[in-house]
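K.L.:
below: sequence and its predicted model.
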Amino acid sequence: MKYEKIEAKKVNPTKDSYVTVTKMGNTTELQYMSFYNTEAKIKKLSESEYVVVETGEIKPFEKKAETRADSSNSLKKTMKRIRELVTTNITDPRKVRWCTLTYKENVTDTHRLYQDFRKFNQRFRYYLNRQGIETPEYIAVGEPQLRGAWHLHIIYIWKDNPAPFIKNEVFSSIWGHGFTSIKAVKDDNISSYLCAYLCDLELNEEILAYFPEHTQTIKTVTDLHGKEKRIAKGMRMYLYPPKFNIIRHSKGIKKPEKTMMTYGEALALVKDQTLKYETAYHLSDEKGFSTFIKKQEFKACPCNQTRRSSDKKSFKEETECQIKK
């Protein structure tokens, strides 16, 4: 499949064209595709074989990926899920804390990683309860290191009140396995930063020797704290085990809401929101498949989100009301 990024203004869906609308907290994403493949091309026969519907030919499934990076579709779906969950649940940065848990020893056991987190989270909840502080929801994501060790990044989200100030010394004592960090979040664009953090590999002089200077994977970026660093884009994904569950979250974490409607109806839905980002690209293959895709991201004023959150209507009901107006 050939991927070509193009100017967003070159893809102009008509108002009658259908788009997928994804509601994520203060953010609404519109995705247009010029061609939808609505017919199944294959039918699964077993874990190892499938039949091509058009020809009746039986073929084996490709060998399962050995790392996450071997399966681009799996990687894209995982990153998209993380981005959507974070964007949906962070609507007020004042209610969020970005936390990191690390080990002082070289822990490579992923089962232990999440078992230690489960116990830590129980102790953290107990501490908050003793302090009279509400229990937050969380999104936890594992991050592998080159040496085989694991870090854990956690986004804690308080629903009703601003996030409390907690000294890192206290947070570290509750963890008890090594270094910790607990920081405030300045804006709600943390989803993009987190996904980049999980995919990209920060480089030092020793690692740089393995990457030629002209390679397109090498980028210089600025992190959330204004520090410049060099990274190899997408290279960290080679460190993930193939069946590792990258993301865990608490039961109260909200899921994004998706629906389909015409582009005209979608524009009416976001008429009071600000266009923050748009991109477009062309997908094609040697068999003649071709489609143009355009994504637009709109953001509502937080005060409007607060008003809507008090309404018990579902996104579908709200959408129907907006279209009628």
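P.N.:
Done, it's in.

K.L.:
tell me where the stretch 101-250 of the chain has helices.
P.N.:
110-130, 168-175, 190-199, 205-208 (DSSP state H, counting those that start in this stretch).

K.L.:
can you lay out these as TSV showing mean pLDDT?
P.N.:
Below are the helices of the stretch 101-250 of the chain laid out as TSV (pLDDT from 0 to 100):
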stretch	mean pLDDT
helix 110-130	96
helix 168-175	97
helix 190-199	71
helix 205-208	48
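
K.L.:
among the ones you listed, which is nearest residue 42?
P.N.:
helix 190-199 (29.1 Å; CB to CB). Every C-beta, even on glycine, is put in place using the N, C-alpha and C of the backbone.

K.L.:
quick revisit: wait, which of the helices of the stretch 101-250 of the chain is closest to residue 99?
P.N.:
Nearest to residue 99, of all the helices of the stretch 101-250 of the chain, is helix 168-175, at 7.2 Å by CB to CB.

K.L.:
what packs against that closest one?
P.N.:
Packing partners of helix 168-175 (3 or more CB pairs under 8 Å, 6 or more residues apart in numbering; DSSP states H and E): helix 110-130, strand 180-184.

K.L.:
got the angle for the longest one vs strand 180-184?
P.N.:
Orientation of helix 110-130 against strand 180-184 (axes from the mean of the first three to the mean of the last three CA atoms, to 10 degrees) gives an angle of 50 degrees.

K.L.:
got the CA coordinates for helix 110-130 in CSV?
P.N.:
Presented in CSV, the C-alpha positions along helix 110-130 are these (Å, rounded to 0.1, in the frame of the first residue of the first chain):
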residue,chain,number,x,y,z
THR,A,110,6.0,-7.3,32.1
HIS,A,111,3.8,-9.4,34.4
ARG,A,112,5.6,-8.0,37.4
LEU,A,113,5.3,-4.5,36.0
TYR,A,114,1.5,-4.5,36.1
GLN,A,115,1.3,-6.5,39.3
ASP,A,116,3.5,-3.9,41.0
PHE,A,117,1.3,-1.1,39.5
ARG,A,118,-1.9,-2.8,40.7
LYS,A,119,-0.5,-2.9,44.3
PHE,A,120,0.9,0.6,44.0
ASN,A,121,-2.5,2.0,42.8
GLN,A,122,-4.2,0.3,45.8
ARG,A,123,-1.8,2.0,48.2
PHE,A,124,-2.2,5.4,46.4
ARG,A,125,-6.0,5.2,46.6
TYR,A,126,-5.7,4.4,50.3
TYR,A,127,-3.4,7.4,50.8
LEU,A,128,-5.8,9.7,49.0
ASN,A,129,-8.7,8.4,51.0
ARG,A,130,-6.9,9.1,54.2
